[in-house]
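Asker: Next come a sequence and a model predicted from it.
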Amino acid sequence: MAADPARKLRRYQEMRDFDRTAEPAGGAAAGPDGHRFVVQRHRARRLHYDFRLELGGVLVSWAVPKGPTLDPKARRLAVHVEDHPIEYAGFEGVIPHGEYGGGDVIVWDRGVWRPVEADPARAIEAGTLHFDLDGEKLAGRFVLVRTRRDGGDKEQWFLLHKQDEHAQAGWDAEDHPRSVKSGRTNDEVAAHPDALWHGDRPAAQAEEAVGGWQAPTEDELAALDALGAKGRWSVAGRELALTNLDKVLFPAAGGGEPVTKRDLIRYYVTVGPVMLPYLAGRPLNTHRFPQGVTEPGFWQKEVPQHAPGWLTTWRNERAEPGESQRYAVADSVATLAWLANYGALELHAWTSRAADVDHPTWVLFDIDPGPETTFEEVLELARLHRTALEHFGLTGRPKVTGQRGIQVWVPIAPHCTFEQTRAWAETVSRTIGRVLPDLVSWAWTKDKRRGRARLDYTQNVLNKTLVAPYSVRPRPGAPVSVPLEWDELDDPGLAPDRWTIRDVPDRLAAHGDPFSALLGLEQKLPGL
C-alpha cells in the first residue's frame with residue numbers, strides 16, 4: 001500500500017487496451033489525498049458492484065457480487081481487485097465486449113468515507129478496515145474483513161454494515177438500480193455508450209453533459225410534417241400514435257402564427273437533446289392543456305394506464321392513498337414527443353433525483369413580480385442574486401420564466417436535505433430583500449403584497465417544482481422559459497417572454513445552452 005500511484009496502477013493498465021476501452025488510463029498526476037468513495041454497478045460477464053475507496057492516490061477496489069447493503073445481518077462477499085485510477089470515480093459508460101470487464105457501468109453511489117483506524121493502508125494490510133460512509137445511498141459504519149488470502153489481488157473479504165442508526169433490515173442494492181450521476185439505469189447507459197465519457201478527448205473535456213441524446217433526423221421531421229391529423233410516427237427508435245396534430249394549442253401573439261400540437265411536438269423533440277439533462281432521472285410533474293391554453297389546464301403527476309410500456313416511470317413508495325404513485329421520467333426524445341401529444345405543455349422536474357428523492361441537486365430562487373413590479377425592478381433583484389452568489393463563491397445562472405419573472409438556479413451536491421436548502425435559500429433571499437425593501441414583500445398571498453415582488457424560497461421543498469429549462473409556458477404564442485448568461489440581464493431587448501418555440505432552436509444553435517456550465521457541478525452550500 002505504500003507504493004506510489006504509478007506502480008499501484010501498473011496491473012490495471014496491463015489488463016486493458018486503452019485504444020479500445022473508454023476507461024481512463026490513469027495518467028493524471030495524483031492530487032492530495034482525498035476521501036472519496038464510489039460504487040459502480042457493473043454488468044460484465046456477471047453483475048457485480050465495484051466498491052472503491054480513495055487512498056494513497058488510487059481507488060482501492062473490491063468486487064461485491066450482491067452489492068453493498070445496509071442490513072447489519074448480511075455479509076457480502078467482496079473480492080479484492082486491482083487498484084483503479086482516481087479518474088475512474090466518475091466513469092459511467094460501456095467497456096467493449098472482448099475487453100477486460102466488458103459491459104456497462106453506472107455510478108451507483110458516491111460520497112465521502114472516513115476511516116476509523118489512524119492508518120487505513122496498514123489496516124487493509126492487516127485484514128480489517130472500519131470506516132464510515134456518507135453517500136447518496138450508503139451511510140453509516142462499515143467494516144471490510146479479509147477471510148482468505150491467496151496472494152495477488154484476488155483476496156476474499158466480507159463487507160458488513162454495523163448496527164447503527166443507518167442500518168436497515170432487508171436493504172437490497174438491487175432495489176435502487178439508478179445512477180446517482182445521471183439518474184439512468186444500466187440499460188439506459190448501454191443504449192447511449194458515449195453519453196458521459198469520451199476517451200479520445202483531453203481529460204478536462206472527457207465528460208459531457210448527461211444524456212448524449214440525438215436530435216431527430218431530417219427524415220423523421222419530414223415524416224412528422226407529412227402526417228395527416230393523426231397517424232403513427234417513429235422517432236428515436238420508438239413508434240408513437242399521434243392525434244389531433246392540427247389542433248391549435250396556442251393562439252397567435254404579436255402578429256405571429258397560432259401554434260398547433262404538431263408544432264409543439266416538433267419543438268420538444270428538436271430541443272430534446274439540450275433539455276433532457278434537466279429532466280432525466282427525475283420524477284416529472286406536468287401541466288396539461290389538452291384543449292389548448294384558452295381552456296383551463298390542470299396538473300397531472302400520475303402516469304395514465306394507457307402510457308406506452310417503454311415509458312420510464314418511478315414509483316413513489318411513500319405515497320398515501322389518493323396521492324400520485326407512479327411518475328413519468330423524461331429520459332428520451334420519444335418521451336418528450338409522447339408528453340406533447342398527451343397535452344403536457346408545461347414540464348416541471350423534481351429538484352431531486354428519483355434515486356435519492358430526499359436530497360436536492362438544485363437550490364432555486366424565484367423572483368415573482370407583483371402587479372406593480374416593473375421588469376427593470378425584476379432585473380435589479382436578479383443582479384443582487386448574482387452578487388450574493390459571487391460573494392459565496394457559488395456558480396448559478398438566471399433564466400427568464402416565459403411569463404413575467406426570473407429564476408436563479410444553483411447546482412449543489414446532493415447531501416443537504418430540503419429543510420436545509422430551504423433555510424439557506426430563505427436567509428439569502430431575506431438578505432437580498434433588505435437591500436431593496438421597497439420592492440419586496442414577504443406576504444404569502446398576492447393580495448397582501450401591495451403590488452410588490454416576492455422572493456420565493458419556498459419552492460425548495462420535496463415535490464414542489466419550478467418550470468424546467470426550455471419548457472413551453474401556457475400563453476399565446478407559446479413562450480419558453482429560457483436560460484441566460486448573467487450579462488444578458490443587461491440586454492435592453494430582454495423580456496421574460498422574449499423567446500417562443502419558433503426561435504429557441506435558432507438561439508441554441510447560435511449561442512448554446514447557458515445552463516450547460518451547471519451540469520455535473522456539485523457545490524457545497526457555505527454556512528451563513
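Answerer: Everything's here; your move. Numbering: from 1, shown residues only.
Asker: Only C-alpha atoms from now on, for both contacts and neighbour counts.
Answerer: OK.
Asker: and L347, that one's in a helix?
Answerer: No: L347 sits outside any helix when classified using DSSP: H, G, I helix; E, B strand; the rest coil, being strand.
Asker: Can you spell out which residues form a bridge with it?
Answerer: Using DSSP bridges, the beta-bridge partners of L347 come out as T286.
Asker: From the centre of the chain outward, give me the first residue you hit.
Answerer: S182 (5.4 Å; CA atoms, centre = their mean).
Asker: My understanding was that W409 contacts G396; is that so?
Answerer: Yes: if you go by CA atoms under 8 Å, W409 and G396 touch, sitting 5.5 Å apart.
Asker: Neighbour count: these two, which is higher?
Answerer: Between W409 and G396, counting by other CA atoms under 10 Å, G396 is the more crowded of the two (23 against 19).
Asker: Find the nearest non-adjacent residue to the more buried one, please.
Answerer: Take G396 and drop its neighbours on the chain: the residue closest to it by CA to CA, 6 or more residues apart in numbering is V410, 4.4 Å away.
Asker: tell me the contacts of the one you found?
Answerer: V410 is in contact with W362, V363, L364, L394, T395, G396, R397, L518, counting by CA atoms under 8 Å, 6 or more residues apart in numbering.
Asker: one more time with 10 Å
Answerer: Listed by CA atoms under 10 Å, 6 or more residues apart in numbering, the contact set of V410 reads 361-365, 389, 394-398, 515, 518, 521-523, 525.
Asker: so N341 makes contact with L240?
Answerer: Yes: between N341 and L240 there is a contact at 9.1 Å, judged by CA atoms under 10 Å.
Asker: quick one, which of these two is more surrounded?
Answerer: When neighbours are counted by other CA under 10 Å, N341 and L240 differ, and N341 comes out ahead with 21 against 17.
Asker: For the closest residue in space to that one that isn't next to it in sequence, give me its contacts.
Answerer: In space, and not counting its chain neighbours, N341 is closest to L242: 6.2 Å by CA to CA, 6+ apart. Residues in contact with L242 (CA under 10 Å, 6+ apart) are 224, 227-233, 261-262, 265, 337-338, 340-342.
Asker: List only buried entries from those residues.
Answerer: Neighbour-count burial (16 or more other CA atoms under 10 Å) is assigned, among these, to L224, L227, W233, K261, R262, I265, A337, W338, A340, N341, Y342.
Asker: from the residues you listed, which is closest to L160?
Answerer: For these, the residue nearest L160 by CA to CA is W338; the value is 44.4 Å.
Asker: so the closest one touches R262, yeah?
Answerer: No: W338 is not in contact with R262 according to CA under 10 Å; the separation is 11.7 Å.
Asker: So which residues of the stretch 301-450 of the chain form strands?
Answerer: 313-315, 326-328, 344-349, 352-353, 356-360, 362-368, 397-400, 406-411 (DSSP state E, counting those that start in this stretch).
Asker: pLDDT of the first one, averaged?
Answerer: The one in question is strand 313-315. For strand 313-315, mean pLDDT is 88.
Asker: Then the fifth one?
Answerer: Per-residue pLDDT values across strand 356-360 average out to 90.
Asker: How about the third one?
Answerer: When the per-residue pLDDT values of strand 344-349 are averaged, the result is 96.
Asker: Report all helices and strands that that strand contacts.
Answerer: helix 261-275, strand 284-288, strand 298-300, helix 333-341 (3 or more CA pairs under 10 Å, 6 or more residues apart in numbering; DSSP states H and E).
Asker: Okay, helices next: where are they in the protein?
Answerer: 5-8, 10-14, 120-126, 186-191, 203-206, 218-226, 261-275, 333-341, 375-392, 418-435, 504-511 (DSSP state H).
Asker: that older thread, give me the common contacts of W409 and G396.
Answerer: Going by CA under 10 Å, 6+ apart, residues that sit against W409 and also against G396 are W362, V363, L364, F515, L518.
Asker: Mean confidence (pLDDT) on stretch 458-466, please.
Answerer: Averaging pLDDT along stretch 458-466 yields 88.
Asker: For that stretch, C-alpha coordinates in CSV please.
Answerer: Below are the C-alpha coordinates for stretch 458-466, written out as CSV (Å, rounded to 0.1, in the frame of the first residue of the first chain):
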residue,chain,number,x,y,z
THR,A,458,-40.5,28.1,-0.6
GLN,A,459,-40.0,26.1,-3.9
ASN,A,460,-37.1,24.3,-2.2
VAL,A,461,-39.4,21.5,-0.9
LEU,A,462,-39.8,17.9,-2.0
ASN,A,463,-42.2,17.7,-5.0
LYS,A,464,-42.6,21.4,-5.3
THR,A,465,-41.2,22.4,-8.6
LEU,A,466,-40.4,25.3,-10.9
